[in-house]
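Asks: Sequence and predicted model, in that order:
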Amino acid sequence: YQLYPQYFLQSYFGLFPPRTRRSADYNSDLSNSSVYNNLSKNSRLPLLIDSVSKVNIITTLLATSSSIFESYIYPILALSCHFITKFLSSKQEDHIEKRRSKRATDEYPTRIASIMQLYNHLNYNPHICEFMTEDLLTMPGDVLHDADIQFESQARLALTLSHFLSSFYQIVNSDEDFPMRKAEVDLTDEQLIGEVLAAVASDHKVVGVGIFFDRGKFRNYRLPYFGPYAFRIENDINRKYAVVDWAGLPDGYENEIWFRTMKARWATNGDRSQLTEYWLKLFIRADYFGSALVPHESGFPLYFHAPELKHGQWFPPRFQCSQNHTLPRQWIVTYAVPFFGLDTLGINIEFKGVVRIDTYLSYLDINQCSMSHYVPNAFKGSDHCDYQSTLCEPIFGRGFLLGKYKCRCRPGYEYPFLDQNDFFLGDVLDTQWDILLSNTSRISSYDILKCRIAIASSIKPISFILLLSSISFAILLST
């Protein structure tokens, strides 16, 4: 039952809904006082005093009017009631939408809280990872916002290894015969171990670096797979390193998501047209003693095909949980890039393996400021800046922590406090916001952490202008 009539019908039937629900006594007398009254006939309507709560007064007064007047007045009333009803419903919907939008902006994001809770929980208790599945140990992919920019130098370290391996396996031929000289032999496992050790020791943000060959691509007739992986034993400032053959671990690496993804992409599509061609001007010794240099005989200059930085892929952050404690238990970010070589016939390019580099997730900076809706960032819009008077700016170099942003005043606003800063720190805003939402008796200062409208430094010019205005107005009145 509505509190006001919905509309007036063109057939001159008026709808009179009561303001309260009908009782049993009213239902028994429903035939005598029906809510539908035929207004086209001059039927006797109920008394106004008895039916004031359920009779439309406008329709009752117009019931005795002439038919010509009714034909003009009822369409106008119907149209007016229709617009009034729409206006009231739209106002109610606007009120609901405003409440919903305000609740969505002020509510603490539970998704961000769950991500940070998982991150801190496994940092403090890494042994519980043995009881968790792989899905629980992996963060969403949109956590890696700007990882390709912040970890670009680490990705290029893996790309350098990929270029070295691609050039070696496409140019060097161990069966080539030189007079009074020996050809270069294939890379041994000791040389590859030295490469990954040098790579992991060159950057303090790197957890580990590995070279992983596809089945039968490394010329080791004892094992089908070979994957040397060098890593830091404890933390990023420790100078102790260890090397392990990942192929000898219980799970191996052929079923890892980063290896399967790279192999599925490049094993059957390693075409020269998709890779970049690099040219080399290779010089060798003219004789055994190296008295002179001559160009390489078989084709000069030489070239090879290798991937670029865009051909690699970043994978979502995950907690590396080694069951036998061989690998470090850390939150890592993985970047993988393929490397290529010639096939057994020495004609076509084929997929040889993957170079993988792992970096610490703790070095990834979080950007909590607002962004466009299409930007994949799990933390966007989680800042607590006052959007009317301040602008959010991220603070880089603080790592994987919340609250690393600052709120600067917008043009036309000024910083209200006399201290050394001209902005509000995100740590302070987050702390005061948590106090505001808590049920404790602590007083929060969140409402005053905003910029005020900029005013003049002195009120003397304003007073002088007001005085001149008053004198001018008095002169005009006297004249």
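Replies: That came in fine, so what should we check first?

Asks: Residue 200 versus residue 358, what's the distance?
Replies: Noted for residue 358: a distance of 9 Å to residue 200, by Cβ to Cβ, to the nearest Å. (Each C-beta comes from the backbone N, C-alpha and C, glycine too.)

Asks: Looking at those two, which one has more neighbours?
Replies: Relative neighbour count places residue 358 above the other of residue 358 and residue 200, with 29 against 24, counting by other Cβ atoms under 10 Å.

Asks: dump the residue contacts of that one.
Replies: 206, 207, 208, 209, 231, 320, 332, 333, 334 (Cβ atoms under 8 Å, 6 or more residues apart in numbering).

Asks: shared neighbours of residue 358 and residue 200, anything?
Replies: The contact lists of residue 358 and residue 200 share 206, 207, 208, 209, 231, where a contact means Cβ under 8 Å, 6+ apart.

Asks: if you skip the residues just before and after it, what's nearest to the first one?
Replies: Leaving aside its chain neighbours, residue 206 sits nearest to residue 200 (5.4 Å; criterion: Cβ to Cβ, 6 or more residues apart in numbering).

Asks: Packing partners of the one helix or strand that neighbour maps to?
Replies: In this structure, residue 200 sits in helix 189-201 according to DSSP states H and E. Under the contact criterion of 3 or more Cβ pairs under 8 Å, 6 or more residues apart in numbering; DSSP states H and E, helix 189-201 touches helix 152-171, strand 206-213, strand 228-232, strand 241-245.

Asks: helices and strands around the third one, which ones?
Replies: Strand 228-232 is packed against helix 189-201, strand 206-213, strand 241-245, with contacts defined by 3+ Cβ pairs under 8 Å, 6+ apart.

Asks: closest one to residue 120 among the ones you listed?
Replies: The closest approach between residue 120 and any of these, judged by Cβ to Cβ, belongs to strand 206-213 at 18.6 Å.

Asks: Give me the residues contacting the closest one.
Replies: In this structure, residues lying in contact with strand 206-213 by Cβ under 8 Å, 6+ apart are 154, 157-158, 161, 165, 192, 195-196, 199-200, 225-232, 236, 246, 253, 259, 320, 327-328, 330, 332, 352-360.

Asks: This protein: helices as residue ranges?
Replies: Taking DSSP state H as the test, the helices found in the chain are 24-28, 57-61, 67-106, 110-124, 147-150, 152-171, 189-201, 257-266, 426-437, 460-478.

Asks: Any idea which of those helices has the lowest pLDDT on average?
Replies: Mean pLDDT is lowest for helix 24-28 out of the helices of the chain, coming in at a mean of 45.

Asks: give me the number of residues near residue 314?
Replies: 16.

Asks: Could you list the low-pLDDT ranges of the stretch 201-350 of the chain?
Replies: Within the stretch 201-350 of the chain, the set of residues satisfying pLDDT under 70 comprises 221, 235-238, 270, 296-301.

Asks: Got the domain ranges for the chain?
Replies: Annotated domains of the chain cover 13-103, 114-363, 366-479 [automatic domain parsing].

Asks: just those domains: most buried one?
Replies: Neighbour counts (mean count of other Cβ atoms under 10 Å) averaged over each of those peak at domain 114-363, with a mean of 16.

Asks: does residue 229 have beta-bridge partners, and which?
Replies: Each beta-bridge partner of residue 229 is listed here, defined by DSSP bridges: residue 210, residue 244.

Asks: Would you check how far apart it and residue 169 are?
Replies: Residue 229 sits 20 Å away from residue 169, taking Cβ to Cβ as the criterion.

Asks: same question, residue 321
Replies: To residue 169, residue 321 is 33 Å away according to Cβ to Cβ.

Asks: Equivalent analysis for residue 136, please.
Replies: Taken as Cβ to Cβ, the span from residue 136 to residue 169 is 39 Å.

Asks: State the pLDDT value of the residue lying closest to residue 332 once chain neighbours are set aside.
Replies: What sits nearest to residue 332 in space, not counting adjacent residues and going by Cβ to Cβ, 6+ apart, is residue 358, at 4.3 Å. At residue 358, the pLDDT value in this model is 94.

Asks: cool, residue 176 as well?
Replies: If you check residue 176, the pLDDT there is 71.

Asks: Just give the closest residue to it, not the sequence neighbours.
Replies: With sequence-adjacent residues excluded and distances taken as Cβ to Cβ, 6+ apart, residue 176 is closest to residue 183, at 4.5 Å.

Asks: so what's the one you found up against?
Replies: 172, 173, 174, 175, 176, 177.

Asks: Against residue 473, how distant is it?
Replies: In this structure, residue 183 and residue 473 are 103 Å apart, going by Cβ to Cβ.

Asks: measure residue 433 to residue 383 for me?
Replies: Computed as Cβ to Cβ, the residue 433 to residue 383 distance reads 10 Å.

Asks: low-confidence ranges in the stretch 351-479 of the chain?
Replies: Applying pLDDT under 70 to the stretch 351-479 of the chain picks out residues 456-462, 464.

Asks: what ranges do the strands span in it?
Replies: In the stretch 351-479 of the chain, the strands defined using DSSP state E, counting those that start in this stretch lie at 390-394, 405-409, 413-414, 423-425, 452-453.

Asks: Surely residue 141 is in contact with residue 377?
Replies: No: no contact is recorded between residue 141 and residue 377 when judged using Cβ atoms under 8 Å, the distance being 10.8 Å.

Asks: From residue 305, how far out is the nearest residue in space to residue 293 that is not next to it in sequence?
Replies: In space, residue 293 comes closest to residue 283 once its chain neighbours are excluded; the distance is 4.3 Å by Cβ to Cβ, 6+ apart. Distance, residue 283 to residue 305, by Cβ to Cβ: 22 Å.

Asks: what's the answer for residue 330, then?
Replies: Separation of residue 330 from residue 305 (Cβ to Cβ) stands at 35 Å.

Asks: What of residue 463?
Replies: 79 Å.

Asks: List the contacts of stretch 226-239.
Replies: Residues outside stretch 226-239 that contact it (Cβ under 8 Å, 6+ apart) are 189, 192-193, 196-197, 199-201, 204-213, 218, 220, 240-247, 253, 327-328, 356, 358, 360.

Asks: Next, the distance between the ends of that stretch.
Replies: 25 Å (Cα to Cα, to the nearest Å).

Asks: quick one: contacts for the nearest residue to residue 432 once chain neighbours are set aside?
Replies: For residue 432, the nearest residue in space outside its immediate sequence neighbours is residue 446; the separation is 4.0 Å by Cβ to Cβ, 6+ apart. The neighbours of residue 446, taking Cβ under 8 Å, 6+ apart as the test, are 384, 429, 432, 433, 435, 436.
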